[in-house]
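> Give me a model of this one.
(chains A and B)
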Amino acid sequence: MDIKMKRHFNTLVVTLKGELDAHYAGFVREKIDNEILNSKVKNLIFDFSRLEFMDSSGIGVIIGRYKSIKAVGGKVIIVKPNRQIKRIIDISGIQKLIPVNDNLDEAIKKLL
Amino acid sequence: MDNYIKIEFKSKGVNESLARIVVAAFVSRLDPTLDELADIKTAVSEAVTNAIIHAYDDEEGVVYITCELNGKEVKVIVEDKGKGIEDVKQAMQPLFTTKPEEERSGMGFTVMETFMDTLEVISQKGKGTTVIMTKKIK
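Residues are numbered from 1 along each chain as shown, chains lettered A, B, ... in the order given. The predicted structure follows:
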């Protein structure tokens, strides 16, 4: 699991590479939470374009961050999940709260 | 039964990906689509996570997986000797979790049910849990 984070004004883009399961959920959670705290961003984008696999542990990670971002009036967007990850997202129902976008630049623009 | 494999491993999170890969590699002989393979990998991941996180509560234990191929049907059995589930019916309810503080989504069984054709959960308190899932490759 590789995690990269980049700030675009008040939006944090988190790019995950590899497989997100229960084993890596804690690590990912901690990294993102620290970055949100330190850089004081308002919005969060999960860039899943390089994430190959995710199970329901990933849903826990997304919902947890959604709650903290929403608490400060920010927004969360998920970008480019593959078919397997999209199915997990669909089953969970989180797409009702968190939009799924196919283009990272568009997602960043939406949050400007 | 045409063919089967049995694997067992220590209940460590780092072994989750190994379990997915082994089952997927074995099932590949049936020439599944990428989606079918992804479904099976996801279901295995959920079952193994339950064994590691819930059954053994992050303590040391052993997870046993049997994968059987019969014609075009795949059967995956994930077994643990952990603490067992007190109320299986309740545990299988979508969004039910005993570990909300760890951000568990309570979706494990829902995912297994959705991604596989059948799901059976047999559990005895203090003895362990057996999850039996089947899926027909089209």
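> ok, is the strand or helix carrying B:F9 in contact with chain A or not?
Under the criterion of DSSP states H and E, B:F9 resides in strand B:3-10. No: Strand B:3-10 stays clear of chain A (CB under 8 Å from any CB of the partner chain), getting no nearer than 12.8 Å. In this view, the C-beta of every residue, glycine as well, is placed from N, C-alpha and C.
> strands paired with that strand, and their directions?
strand B:62-70 (antiparallel) (DSSP bridges).
> for the partner strand, what is the average pLDDT?
For strand B:62-70, mean pLDDT rounds to 98.
> Work out the gap between whichever helix or strand comes after it and the centre of the chain.
Using DSSP H and E, the helix or strand that follows strand B:62-70 in sequence is strand B:73-80. Relative to its chain's centre, strand B:73-80 lies at 7 Å (CA atoms, centre = their mean, to the nearest Å).
> Does strand B:73-80 pack against any helices or strands, and if so which?
Here strand B:73-80 touches helix B:34-49, strand B:62-70, strand B:128-136, going by 3 or more CB pairs under 8 Å, 6 or more residues apart in numbering or on different chains; DSSP states H and E.
> Going by neighbour count, which residues of the second one are buried?
Buried positions in strand B:62-70, judged by neighbour count with 16 or more other CB atoms under 10 Å in any protein chain shown: B:63-69.
> try the last one
Judged by neighbour count (16+ other CB under 10 Å), strand B:128-136 contains these buried residues: B:128-135.
> Pairing partners for that strand, with directions?
strand B:73-80 (antiparallel), strand B:118-124 (antiparallel).
> tell me the average confidence for the shortest one?
In other words, strand B:118-124. 97.
> Dump the C-alpha coordinates for that strand into CSV.
In CSV, the C-alpha atoms belonging to strand B:118-124 read as follows (Å, rounded to 0.1, in the frame of the first residue of the first chain):
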residue,chain,number,x,y,z
THR,B,118,-24.8,-18.7,-1.6
LEU,B,119,-23.6,-17.9,1.9
GLU,B,120,-23.9,-20.1,5.0
VAL,B,121,-22.6,-19.1,8.4
ILE,B,122,-22.2,-21.7,11.1
SER,B,123,-21.0,-20.6,14.5
GLN,B,124,-20.8,-21.8,18.0
